[in-house]
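> Quick one, what's the 3D model for this:
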Amino acid sequence: MTQQQVEVQRPDRWDHPLDPNTSQSTVDLLLQLPPFSLMNERRFAQTATLADILKNDSRLLNLKSGDVIFREGQYGGSAYLVMSGQVRIFLARLIPDAGRRSDRRTGAPWLSLWKKRPDRRRVIRGARAVAVRSGQVQFSQRGEGQSARVFLQDVPGVLADHTSSVVQSGEMFGEMAAVTRSPREFTAVAEDDCVVLEIRWQGLKLLKQDPQFRALLDERYRAEVLSTHLRETPLLRYVPDEHLAKVVEAVTFESFGNLEWYAEYRKQATRPAANQIAKEPLIAEEGSYAVGLWIVRGGFARLSRRQGAGHRTLAYLGKGQLFGLCELYHNRYRPHSSMTLPYQESLRAIGYVDALCIPKQIVYEHVLPFMRAADMPAPISAPRYQFGQPVLDAELIGSDAPSIETGLLEFIVDKRLMNGREAMVIDTERCTRCDDCLRACATTHGGDAPLFSRTGPQYGPWMFAQACMHCEDPVCMIGCPTGAIHRDQESGTININAETCIGCKSCAESCPYDNIRMVTTSDKDGRVKVDQINGLPILQASKCDLCSSSRSGPACQTACPHDALVRIDLGDLQKVSQWMQRKAA
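Take a look at the predicted model:
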């Protein structure tokens, strides 16, 4: 029997603006104000004009003094431009446990962190909110539902007690987290009543076509955000302000590879691992002069050493991790002047890496003298290179050996699986193919088909199944024109909004792991939706949502009767190693 069909209008890019109530008069006003008034409208496509971007991808926020715009640890999807008033960026943590990952599956609002701590909250008489005490900092919530907003009490008092920087009218903030799809590194609060323009990252990407707008982003980053980033690096946390200012002046910004790295990865994925490593952009090479300290700001980098004709992967470095500290520390405090050491390992970009480099002399004068004992690196007792030449009898691996077997580590890196924060790993020696995991997934999501496939790359008995991994760097989000595929700002899970998905296939084609499928859509009566113009089925992206609506967690893992399946963070090598080394029951 042929399934019934219904003709509908195909969804369009601008069907779901960020704020449906944005009027044309508001857009006209914005076009008269900088930086938009300074932009060349001819640089924008006719299908996505500057006016279109402002009308559909932005919205004005009227904030009251103390309103929290975002807090540290939330995932960013928007940048903000101050139109009037002032915003304060707090460098120190105002909120306990901000940025932690333990609640990533629940997506619970951060205010709920105190619900189990009655001693830290009190009811405000005459208010419709709960005040939360964090040390001497108190928060409340005003409004209800979607309009609810958390606000900070006693703004002047908090400003006096906490380090902060000011963002004034005409300046932007929050753009780095939006562009790099990463957690916020600070908390932003309205200092006084102000108006802020929120620009979601789809519009931000289009606006960056204009040199004037790009210059605005660069200026803001260099002037204010860089010092925040450096201060958040544990090694630099206790550097005095006057010395940190010298670091800010001298630091260089470097990027390696392509932000949209998935296209190149697909071409390289079938080639031998040695060829893949050779294609990875070299950040620093073993045996070369140690010119400075590298800090990874975004993406992943491979730490490796030469072994025979190839390379051996030691580890991978992610956001906030350092390279070159051991060598610089050794050279600064070396016991003999003849012991100057070059870099002992190589660092390569895996896909795309955004990095900072602090020159050697600046590290010597303005960083190392203020290092805490706990941050001091282990001594290099058996260097592999001296004076740029290899030392043949040096140990191959020292105290920095990975906690996971080298073959598996290289497999994870070569397949880019370290990107997965909720990867599905199946122990095929325990799995009996009972299909309970597949049935549980299908039942939970009210359909006949599961949202994952029990196939995928395999190393030994461990299969890395084709299920959305809810990546640290979700490149599937890059090309989505409507923001239908998005990251929950609290839990970090990657979800798809069925209402705003237009079936463009961008996310499915961008996913390096083939974990997103395009499926036909139906109306409430079960009729297949087809395009009223060409009669073709209207598709929609579909993938694992980590059972975000279920309190019991992923149904696939819960349903497995043999403990053969786990959802695990492949960035936590110690946890991965422990799970794989468990003894058979």
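
> Stretch 232-252 - what's its average pLDDT?
Averaged over stretch 232-252, pLDDT sits at 89.

> what's in contact with it?
91, 185-186, 226-227, 230-231, 295, 320, 322, 325, 356-359, 362, 365-367, 370-372, 375 (CB atoms under 8 Å, 6 or more residues apart in numbering). In this view, the C-beta of every residue, glycine as well, is placed from N, C-alpha and C.

> Filter these down to the buried ones.
91, 185-186, 226-227, 230-231, 295, 322, 325, 356-358, 362, 366-367, 371, 375 (16 or more other CB atoms under 10 Å).

> Among those, which lie within helices?
Cross-referencing the buried ones among the contacts of stretch 232-252 against helices under DSSP state H gives 226-227, 230-231, 325, 362, 366.

> Out of the residues you listed, which comes closest to Thr521?
Within these, the smallest distance to Thr521 is 45.4 Å, found for Leu226 (CB to CB).

> Return the residues in contact with Arg59.
Counted by CB under 8 Å, 6+ apart, Arg59 has contacts 18-19, 22, 197-198.

> The nearest residue to Cys441 once chain neighbours are set aside: what secondary structure?
Among residues not flanking Cys441 along the chain, Pro450 sits closest, at 3.7 Å (CB to CB, 6 or more residues apart in numbering). In the three-state summary, Pro450 is assigned as coil, counting by DSSP: H, G, I helix; E, B strand; the rest coil.

> Tell me the spacing between Pro450 and Thr520.
Distance, Pro450 to Thr520, by CB to CB, to the nearest Å: 16 Å.

> rewinding a little: just give me the closest of the ones in helices among the buried ones among the contacts of stretch 232-252 to Ala440.
Nearest to Ala440, judged by CB to CB, of those is Arg231 at 45.6 Å.

> just checking, Ala190 touches Val87?
Yes: with contact defined as CB atoms under 8 Å, Ala190 and Val87 form a contacting pair (5.8 Å).

> Now the common contact residues for the two.
69, 196.

> Would you agree Pro359 is in contact with Tyr289?
No: using CB under 8 Å as the test, Pro359 is too far from Tyr289 to be in contact (11.9 Å).

> Please name the bridge partners of Phe90.
Ser164, Thr187 (DSSP bridges).

> count of neighbours near Val189?
26 (other CB atoms under 10 Å).

> Show me what the helix or strand hosting it is packed up against.
Using DSSP states H and E, Val189 sits in strand 187-190. Counting contacts by 3 or more CB pairs under 8 Å, 6 or more residues apart in numbering; DSSP states H and E, strand 187-190 packs against strand 68-70, strand 87-90.

> quick one: buried residues of stretch 516-534?
516-518, 521-522, 529-530.

> swap that for stretch 12-21, sorry
16-18.

> same question, stretch 79-88
For stretch 79-88, using 16+ other CB under 10 Å, the buried residues are 79-83, 85-88.

> Show the end-to-end separation of it, please.
15 Å (CA to CA, to the nearest Å).

> Identify the residues contacting it?
Here stretch 79-88 has contacts from 33, 35, 60, 63, 69, 155, 159, 164-175, 178-179, 188-199, 201, 204, using CB under 8 Å, 6+ apart.

> what about the strands in the stretch 101-250 of the chain?
Secondary structure of the stretch 101-250 of the chain (DSSP state E, counting those that start in this stretch): strands at 121-123, 130-134, 137-142, 149-152, 164-167, 172-173, 187-190, 194-200.

> Turn those strands into CSV, including distance to Cys556 and mean pLDDT.
Output for the strands of the stretch 101-250 of the chain, formatted as CSV (distance: least, CB to CB, whole Å; pLDDT from 0 to 100):
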stretch, distance to Cys556, mean pLDDT
strand 121-123, 37, 33
strand 130-134, 36, 42
strand 137-142, 35, 79
strand 149-152, 34, 84
strand 164-167, 44, 84
strand 172-173, 40, 88
strand 187-190, 36, 92
strand 194-200, 32, 95
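
> and the ones you listed as TSV, adding distance to Arg214?
Converted to TSV, these look like this (distance: least, CB to CB, whole Å):
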stretch	distance to Arg214
strand 121-123	44
strand 130-134	37
strand 137-142	35
strand 149-152	31
strand 164-167	18
strand 172-173	11
strand 187-190	22
strand 194-200	14
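
> where exactly do the helices run in the stretch 301-450 of the chain?
For the stretch 301-450 of the chain, the helices defined by DSSP state H, counting those that start in this stretch cover 325-332, 360-366, 406-414, 436-444.

> do the stretch 451-585 of the chain as well
506-510, 555-559, 573-580.

> Please name whichever of the ones you listed is nearest to Ile426.
helix 555-559 (9.5 Å).

> which strands and helices sit next to that closest one?
Packed next to helix 555-559, using 3+ CB pairs under 8 Å, 6+ apart, are helix 436-444, strand 565-568.

> Please repeat the previous calculation with a cut-off of 6 Å.
helix 436-444 (3 or more CB pairs under 6 Å, 6 or more residues apart in numbering; DSSP states H and E).
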